[in-house]
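# below: sequence and its predicted model.
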Amino acid sequence: MNNLHFIAIGGSVMHSLAIALKKAGKQVTGSDDQIFDPAKSRLEQYGILPDKEGWFPERIHSGLDAIILGMHALEDNPELKKAQELGLKIYSFPEFVYEHSKNKQRIVVAGSYGKTTVTSMIMHVMEKAGRKFNYLVGAQVPGFENPVRLDDDAPVLLAEGDEYLASKLNPKPKFLLYQPHIALVTGISWDHINVFPTEMEYIDAFDELLDGMPKAGTMIYRQDDSFVDSLIKGHTDSDHYTVTFKEPSYIVKERKFFIKDLGEKWEMAVIGKHNMLNVAAAAEVCHLVGIGQEEFLNHISDFEGAGSRLEKIHESDTAVVFKDFAHAPIKVRATVKAVREMAPKSNLIACVELHTFSSLNKEYLPNYQRSLMPADHKFVFINESTFSRKKMEPINEEEIKEAFAEKGVRYFTDKKELKDAILKAKTGKEDYILMMSSADFDGLNIAALGE
């Protein structure tokens with residue numbers, strides 16, 4: 001397939017896949033009704049940014065080998081309808097990646113949290129170890145030009161396995177479509193309430209992933225997670241292998257984390273208990289592809305994290321500012337604990353933006369209870385326009401305070417008021433500011449908060 005058209009090319013993985021295919025020598029075109037940075041700039045850099053936004057059926061023709069359809073495109077999309085009329089092959093991006101990789105060993109990192117970081121860790125180690133592999137990850141990773149790489153001669157595909165739905169034509173969780181030989185489940189915590197209305201429906205997606213594992217497939221999971229343990233044991237038999245990982249022995253000294261292993265202390269560039277668990281999970285996958293523990297620890301020690309995952313965006317003598325993608329309750333809880341563990345006596349200002357369908361759902365909101373507890377100052381922000389854009393009922397301050405159930409929680413819907421509150425909460429000495437969101441706090445300049 002050499003001539004490809006992307007419907008909804010502006011998506012985070014969609015535009016990265018388009019770039020990967022363009023770099024591989026394919027003819028790539030695309031359309032979208034809205035394209036934002038960084039996708040817009042990156043598509044322009046590679047010469048595949050649509051000349052104007054919108055849907056144009058005339059761009060669909062019989063000379064195309066395939067259509068790659070993004071989740072953003074609806075069933076009545078005019079380009080999709082034209083492609084169907086012409087009888088063209090139509091793939092969601094995970095279906096296309098599987099088609100490209102069906103003769104490769106496929107490794108999928110799944111779970112409600114940590115999957116981007118664990119996938120990035122494995123990429124980092126395999127690259128430094130000189131291994132040939134393809135990959136797909138949902139963030140920019142230091143040392144990698146593009147979040148997607150698809151080579152014909154690489155024997156392995158490593159993919160971050162998102163449980164969100166693939167496309168309107170194939171509304172299955174994306175990770176099911178990769179059909180992995182090795183599946184790592186970091187942990188399960190109900191999310192994406194708009195497509196999984198009940199916790200059981202969410203769990204069923206992971207159940208189906210494990211149920212579809214091939215003979216001699218390997219399942220990796222956290223040893224002390226009783227919930228995932230019971231789920232995986234329901235799928236184990238003589239045809240499958242199971243591997244567990246656990247929290248490694250580690251210490252924190254002078255705001256640095258050290259893993260104790262092989263009789264030595266290995267300094268890590270990442271912080272937090274949850275990241276020490278992520279290191280342990282990545283080690284198991286690397287072991288299965290032939291990378292020994294000492295080589296792994298040598299390579300992982302300088303891994304600095306994936307983009308927007310506890311990313312340090314400002315540091316001075318008086319203040320440090322972190323930006324983190326955390327938005328689900330379990331992610332928020334782990335991220336706040338990580339910064340507090342690193343700097344136990346510093347002034348910690350933690351702010352979370354709620355903007356996903358799940359986080360704005362009043363029935364789901366109590367899952368955030370005490371998630372900001374380790375912080376000295378606890379702020380919750382919602383961009384007021386989010387309610388109308390998502391057609392959801394607004395949430396008031398009392399509902400936020402009741403849901404978070406913590407003394408001192410403050411609620412903001414105006415970014416200027418939020419900024420003023422953060423600046424007022426600073427002491428001018430050892431301030432740690434943690435901004436958590438998968439959005440952008442209505443365009444707030446986060447780095448400037450530390451100045």
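That came through fine.
# Ala319 and Ala425 touch, don't they?
No: contact criterion C-beta atoms under 8 Å: Ala319 and Ala425 do not qualify, at 11.3 Å. The C-beta positions use only the backbone N, C-alpha and C, and glycine is treated the same way.
# hey, what's in contact with both of the two?
Both Ala319 and Ala425 lack any common contact, where contact means C-beta atoms under 8 Å, 6 or more residues apart in numbering.
# kindly list the longest helix within the protein.
Counting residues, the longest helix found in the chain (DSSP state H) is helix 273-288.
# what's the average pLDDT for that one?
Averaged over helix 273-288, pLDDT sits at 97.
# in this structure, what secondary structure element scores lowest on mean pLDDT?
Least confident helix or strand, the chain: helix 226-233 with a mean of 83, by mean pLDDT, DSSP states H and E.
# which strands and helices lie in contact with it?
Using 3 or more C-beta pairs under 8 Å, 6 or more residues apart in numbering; DSSP states H and E, the elements in contact with helix 226-233 are strand 182-185, helix 199-211, strand 218-222.
# give me whichever of the ones you listed is most buried.
Among those, judged by mean count of other C-beta atoms under 10 Å, the one packed with the most neighbours on average is strand 182-185 (a mean of 25).
# any idea of the mean pLDDT in that strand?
96.
# ok, it: who's next to it in the sheet?
Here strand 182-185 has these sheet partners by DSSP bridges: strand 105-110 (parallel), strand 218-222 (parallel).
# Ala269: which of those strands is closest?
The closest of the strands paired with strand 182-185 to Ala269 is strand 105-110. By C-beta to C-beta, the value is 19.7 Å.
# okay, the helices and strands packed on helix 226-233 in CSV with distance to Pro50 next?
Below are the helices and strands packed on helix 226-233 laid out as CSV (distance: least, C-beta to C-beta, whole Å):
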stretch, distance to Pro50
strand 182-185, 36
helix 199-211, 33
strand 218-222, 40
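# between those, which one is nearest to Lys273?
When the helices and strands packed on helix 226-233 are compared (using C-beta to C-beta), the closest one is strand 218-222, at 12.3 Å.
# neighbours around Lys215, how many?
Each residue near Lys215 was counted by other C-beta atoms under 10 Å, and the total is 9.
# quickly find the element holding it.
Counting by DSSP states H and E, no helix or strand carries Lys215.
# go on, Thr116?
Following DSSP H and E, the helix or strand that holds Thr116 is helix 115-128.
# Three-state assignment for Gly30, please.
Under the three-state scheme (DSSP: H, G, I helix; E, B strand; the rest coil), Gly30 adopts strand.
# report the contact partners of it.
Under the criterion of C-beta under 8 Å, 6+ apart, the contact list for Gly30 reads His5, Phe6, Ile7, Ile9, Met14, Ala18, Leu43, Ile48, Pro50.
# residue contacts, the closest residue to it other than its chain neighbours?
Counting by C-beta to C-beta, 6 or more residues apart in numbering, Ile9 is the residue found nearest to Gly30 once chain neighbours are left out, at 3.0 Å. Applying C-beta under 8 Å, 6+ apart to Ile9 gives the contacts His15, Ala18, Gly30, Ser31, Asp32, Ile35, Ala39, Leu43, Ile48, Pro50, Gly70.
# how many other residues sit next to the last one?
Spelled out, that is Gly70. Gly70: 25 neighbours (other C-beta under 10 Å).
# domains in the chain, as residue ranges please.
Using automatic domain parsing, the domains assigned to the chain come out as 3-88, 95-300, 311-450.
# could you give the mean pLDDT of the first one?
Same thing as domain 3-88. The average pLDDT within domain 3-88 is 96.
# now the end-to-end length of it.
From its first residue to its last, domain 3-88 covers 12 Å (C-alpha to C-alpha, to the nearest Å).
# circling back: so the helix holding Thr116 versus strand 105-110, what angle?
Per axes from the mean of the first three to the mean of the last three C-alpha atoms, to 10 degrees, the angle that helix 115-128 makes with strand 105-110 is 140 degrees.
# got the contact list for helix 115-128?
With contact meaning C-beta under 8 Å, 6+ apart, helix 115-128 is reached by 107, 109, 133, 135, 137-139, 141-144, 158-162, 184, 186, 270, 275, 278-279, 281-282, 285-286, 289, 291, 296, 299-300, 303, 305-306, 309, 325.
# what of stretch 166-175?
69-71, 73-75, 80, 90, 92-95, 108, 110, 159, 161-165, 177, 183, 195, 205, 208-209.
# span of that stretch from start to end?
9 Å.
# His15 and Pro50, how far apart?
11 Å (C-beta to C-beta, to the nearest Å).
# more neighbours: which of these two?
Applying other C-beta under 10 Å to His15 and Pro50 shows that His15 carries more neighbours, namely 28 against 19.
# list the contacts of the more buried one.
Residues near His15 by C-beta under 8 Å, 6+ apart: Phe6, Ile9, Ile35, Ala39, Arg42, Leu43.
# check His240 too.
Contacts for His240 (C-beta under 8 Å, 6+ apart) come out as Met213, Lys215, Ala216, Gly217, Thr218, Met219.
# quickly list what the last one is bridged to.
So that's Met219. With beta bridges defined as DSSP bridges, Met219 has these partners: Ala183, Thr242.
# let me see the ranges of the helices in the stretch 351-451 of the chain.
Per DSSP state H, counting those that start in this stretch, the stretch 351-451 of the chain carries helices over the ranges 385-389, 397-404, 415-425.
# of all the ones you listed, which lies closest to Tyr364?
Closest to Tyr364 of the helices of the stretch 351-451 of the chain is helix 397-404 (C-beta to C-beta; 9.1 Å).
# now the closest one - C-alpha only, PDB.
Provided in PDB are the C-alpha atoms of helix 397-404 (Å, rounded to 0.1, in the frame of the first residue of the first chain):
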ATOM      1  CA  GLU A 397     -17.700  24.700  43.900                       C
ATOM      2  CA  GLU A 398     -19.600  22.800  46.600                       C
ATOM      3  CA  GLU A 399     -19.700  19.700  44.300                       C
ATOM      4  CA  ILE A 400     -16.000  19.900  43.800                       C
ATOM      5  CA  LYS A 401     -15.200  20.200  47.500                       C
ATOM      6  CA  GLU A 402     -17.500  17.300  48.400                       C
ATOM      7  CA  ALA A 403     -16.000  15.100  45.700                       C
ATOM      8  CA  PHE A 404     -12.400  15.800  46.600                       C
END
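# one step back: in helices, which of the contacts of Ile9 appear?
Among those, DSSP H puts His15, Ala18, Ala39, Leu43 in helices.
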